[in-house]
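Chemist: have a look at this prediction, sequence included:
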Amino acid sequence: MRFSVLGAGSWGTVFAKLLVENGHEVLLWARREELAEDINKNHENIEYLPGLKLPQNLVATSRISELEGFSENFVIAVPVKYIEEVLEKFSEKPKTVVNLSKGIDSKLRLVSSIVRSRWQGVEYSVLSGPCHAPEVAIRLPTSVVIACENQQLARELQLAFSNEYFRVYTCEDVLGVEISGAVKNVIAIAAGVIDGLGRWHNAKAALITRGLHEIGKFGLAFGCKSPLTFMGLAGMGDLIVTCTSTHSRNRYVGEMVAKGVKLVDVLKDMKMVAEGVHTVKPLLEIAELLKIDVPICRQVYEVLFMGKEPSQAITELMKRPLKMEIEFKQIDSRHDLSGI
């Protein structure tokens, strides 16, 4: 198969490497010409993955014109806030889109809505799970899930992506997988706050568990197909790794903020995007529309953008009114969610 991979950050580059190693033809799009030239000349993405040798036949370009007509299969690995801008550069739509990005944009849209607003009728799928790029790059065992409404296509992509170190499962719950990927990044910032305050094991375990509860409430409000999605690789699996791994950009942001570093300075020193920072505000706006209580996400927002002391945020979470632990139920909403 042929694939055009949009985005030459760490995950886009590693996924392109995986596709080439699986025998596919790949054209990797980099926003900057010098990055594309460096990949082609030195077979290394020295900016995002220094020291990792890339396949000789992995070709990169910064020219959208070279992508036009190369493949009908697009893989999106661009930060969510830039996806619409990138898609607008194309004059023709692909046949299939595989999304690797996780988040909600400022217009309160998941990536599926961004893609379909630009390319109506495209076959859309989303790949997610605990898959930090540095580990996939060195072929450590990794399992993910690909969600697609067209299960025949899902199985084709499953076969195209899977190998001895990268195992792909399929499911039909596109919204459940997307919601999991978006909300878990915000919860990971909260987990980083706990690490920054002192690596409290009891508190972090509770936070991850209650964070999964908030993911589930969001998913049910959107009408996701099954609560079991949140127990799977895209939900629990990705949440665990993002909240605990030293590779996690979102966890790192929370840790640094808890140690007293200003958010603007943390982000200034990071090469890659921490999606949870950009997701938390639109996430709370959606929660307001759907009347969903997401106390962890709200405290993350107040710590990042309203100057609240991290220790105070934790105190407020602990002193909330006492309640039953599990309240999963379908949330009725009178709001039109067609644009989300």
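Modeler: Right, received. Where do you want to start?

Chemist: mean confidence score for stretch 49-59?
Modeler: For stretch 49-59, the mean per-residue pLDDT is 95.

Chemist: could I get the contacting residues of Leu140?
Modeler: Listed by C-beta atoms under 8 Å, 6 or more residues apart in numbering, the contact partners of Leu140 are Tyr165. (Glycine included, C-beta is placed from N, CA and C.)

Chemist: roughly how far does it sit from Lys271?
Modeler: 22 Å (C-beta to C-beta, to the nearest Å).

Chemist: now swap in Leu6 and tell me
Modeler: 18 Å.

Chemist: have a look at those two and say which one is more surrounded.
Modeler: Leu6 (27 against 9; other C-beta atoms under 10 Å).

Chemist: tell me the contacts of Gly211?
Modeler: Val183, Lys184, Ile187, Ala190, Ala191, Leu239, Cys243, Ile296.

Chemist: after the host helix or strand of it, next one along is what?
Modeler: For Gly211, the host element (DSSP states H and E) is helix 201-221. Remark: after helix 201-221, the chain's next helix or strand is helix 238-244, criterion DSSP H and E.

Chemist: and whichever helix or strand comes after that next one, C-alpha only, in PDB?
Modeler: As assigned by DSSP H and E, the chain's next helix or strand after helix 238-244 is helix 249-258. Taking C-alpha atoms only, helix 249-258 is exported to PDB below (Å, rounded to 0.1, in the frame of the first residue of the first chain):
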ATOM      1  CA  ARG A 249       4.800  15.500  27.400                       C
ATOM      2  CA  ASN A 250       1.600  16.200  29.300                       C
ATOM      3  CA  ARG A 251       2.700  14.600  32.500                       C
ATOM      4  CA  TYR A 252       6.000  16.600  32.200                       C
ATOM      5  CA  VAL A 253       4.000  19.900  31.900                       C
ATOM      6  CA  GLY A 254       2.100  19.200  35.100                       C
ATOM      7  CA  GLU A 255       5.300  18.200  37.000                       C
ATOM      8  CA  MET A 256       7.100  21.400  36.000                       C
ATOM      9  CA  VAL A 257       4.200  23.600  36.900                       C
ATOM     10  CA  ALA A 258       3.900  22.000  40.300                       C
END
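
Chemist: ok, residues contacting helix 249-258?
Modeler: With C-beta under 8 Å, 6+ apart, helix 249-258 has contacts from 185-186, 188-197, 242-246, 263, 266-267, 270, 272-277, 300, 303-304, 310.

Chemist: now the contacts of Gly211 as a markdown table including pLDDT?
Modeler: Listed next are these as a markdown table, based on pLDDT from 0 to 100:
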| residue | pLDDT |
| --- | --- |
| Val183 | 97 |
| Lys184 | 97 |
| Ile187 | 98 |
| Ala190 | 98 |
| Ala191 | 97 |
| Leu239 | 98 |
| Cys243 | 97 |
| Ile296 | 97 |
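
Chemist: just the buried members of these?
Modeler: Val183, Lys184, Ile187, Ala190, Ala191, Leu239, Cys243, Ile296 (16 or more other C-beta atoms under 10 Å).

Chemist: returning to what we had before: the contacts of Gly211 in helices, which ones?
Modeler: Val183, Lys184, Ile187, Ala190, Ala191, Leu239, Cys243, Ile296 (DSSP state H).

Chemist: OK, contacts around the fourth one?
Modeler: With C-beta under 8 Å, 6+ apart as the criterion, the residues that contact Ala190 are Leu207, Gly211, Gly254, Ile296, Gln299, Val300.

Chemist: ok, now which ones touch the last one?
Modeler: By C-beta under 8 Å, 6+ apart, the contact list for Val300 reads Val186, Ile187, Ile189, Ala190, Val193, Gly254, Gly276, Val280, Ala313.

Chemist: what is the distance between the helix or strand it falls within and the centre of its chain?
Modeler: According to DSSP H and E, Val300 maps onto helix 295-305. Put simply, helix 295-305 sits 19 Å off its chain's centre (C-alpha atoms, centre = their mean, to the nearest Å).
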